[in-house]
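Chemist: No letters, just coordinates:
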């Protein structure tokens, strides 16, 4: 579905550009402090402006590509500019202006490589393939309902009912470093079942019925906004929004603006529930926590670009860590078997900087540079562009909202938008594991509700 260029899109672009100018106007003291700072600020601004233009010109109403460039706009243009204007990067990290300039040029190279690769045409041939059709037998709905209710009961038993509504409590009661994979399985497989069952039932019927209502109720219990991490919440509720209102969002280009508002207001505020439970929260606490725009952008939540600069500085000193990417790709192999398994990139950077807190981000372009220097950085852009172009094209070029032979991409694409956003921020070893866990669970639900047949058809 191609999006027509309209006055509405021009208004959205204007609002975003004016907002960008506003942020940079508040940093004039830093911009004018030296020639190098001026050049760096100009590059930051150009990266932000180009990101907005690319988002608006994308022919799809929403896409993985647009989410990637919204990430670049906020995390690699606005946030680092606010941080430098306030005195420095998060985690007390100091970098020279020349290192920042070099990192900016590398980011520009990554963006150019991504954009050129994404524009390459995706060729497919006519071939015999398996087409999946919905199985509307009642027993399918019963099986899906049992999965949704059963997984909800397991979550209540594992986390505790009240803990599902407050991240501050559940994080204290569940350890992700206890030597087994149960917390990850519960958090990123079992806990995903209700929302996937709800999405599938909604695709099957599009009208409220007992199965849709019950699976939605289970979804709210297992994925309550204040009971899950912020990036997980983004994945869940972006996917739910597209799944529930497909016609509206497929015909209107609102997602960039909605995501921008979410990053400015919802994203920072929801973090308070990481430390305060629902029964102890007050409006005044939320007001106090939300101090202002600049304070939000200078926090560690927006540390992606500074982590890229830190990566560049460390790799230029010590050389690339060849093969570290395999730790992310083979995340499922336990360290008891693979004793030399590489640690996550965020953990590696924390160790190199002597930081006690090691839950750091590492954006996708930093992952490339960490693993192979400039070549790795360009290769990461090429691979990321090919994958996102393939998924965007598969979803949009052959899309219909209400048809009998639903494709797997129709089912998971709304949620992949958020997952790709989290992969952009990193670290890859955890984000990739979460994405694969989601896709495996989604495939199970999809296969349970569909029957396969052989068909010859033209792909995108």
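Modeler: Thanks, I have it. Predicted, not measured: the structure shown is a model, and the values here were computed from it. Numbers count the residues shown, from 1 in each chain.
Chemist: And residue 230, how close does it get to residue 80?
Modeler: 20 Å (CB to CB, to the nearest Å). No exception for glycine: its C-beta is placed from N, CA and C like everyone else's.
Chemist: Please disregard the earlier target; I meant residue 186.
Modeler: Counting by CB to CB, the gap from residue 186 to residue 80 is 36 Å.
Chemist: follow-up on the earlier one: settle it for me: which of residue 230 and residue 80 has more neighbours?
Modeler: Neighbour tally, residue 230 and residue 80, criterion other CB atoms under 10 Å: the higher count belongs to residue 80, 28 against 20.
Chemist: Could you find the closest non-adjacent residue to that one?
Modeler: Excluding the flanking residues, the one nearest residue 80 by CB to CB, 6 or more residues apart in numbering is residue 305, at 4.1 Å.
Chemist: Give me the residues contacting the strand or helix carrying that neighbour.
Modeler: Assignment of secondary structure by DSSP states H and E places residue 305 within helix 304-318. Helix 304-318 is contacted by residues 71, 75-76, 79-80, 83, 89-91, 93, 95, 99-100, 102-103, 106-107, 321, 345-346, 349, 352-353, 360-363, 365-366, 369-370, 373, 424-426 when judged by CB atoms under 8 Å, 6 or more residues apart in numbering.
Chemist: Tell me how far that helix lies from the chain's centre.
Modeler: Put simply, helix 304-318 sits 22 Å off its chain's centre (CA atoms, centre = their mean, to the nearest Å).
Chemist: Okay, buried residues for it please.
Modeler: Using 16 or more other CB atoms under 10 Å as the test for burial, helix 304-318 gives 304, 305, 306, 307, 308, 309, 310, 311, 312, 313, 314, 315.
Chemist: pretty sure residue 320 is touching residue 366, no?
Modeler: No: using CB atoms under 8 Å, residue 320 is not in contact with residue 366; the gap is 11.7 Å.
Chemist: Could you check which of the two has the larger neighbour count?
Modeler: Just comparing residue 320 and residue 366: by other CB under 10 Å the higher neighbour count belongs to residue 366, 32 against 18.
Chemist: tell me the contacts of the more buried one?
Modeler: Taking CB under 8 Å, 6+ apart as the criterion, residue 366 is in contact with 307, 308, 311, 312, 345, 426.
Chemist: Pull the most distant pair out of these.
Modeler: Pairwise distances across the contacts of residue 366 peak at 14.6 Å for 312 and 426 (criterion: CB to CB).
Chemist: rewinding a little: identify the contacts common to residue 320 and residue 366.
Modeler: The contact sets of residue 320 and residue 366 do not overlap (CB under 8 Å, 6+ apart).
Chemist: Now do stretch 413-423: everything it contacts.
Modeler: Outside stretch 413-423, the residues that touch it by CB under 8 Å, 6+ apart are 62-64, 67-68, 70-71, 199, 231, 234-236, 238-243, 364, 388, 391, 395, 431-432, 434-435, 438, 442.
Chemist: That should have said stretch 31-45, apologies.
Modeler: Contact with stretch 31-45 is made by 20, 24, 27, 30, 76-77, 80-81, 84-85, 97-98, 100-101, 104-105, 108, as judged by CB under 8 Å, 6+ apart.
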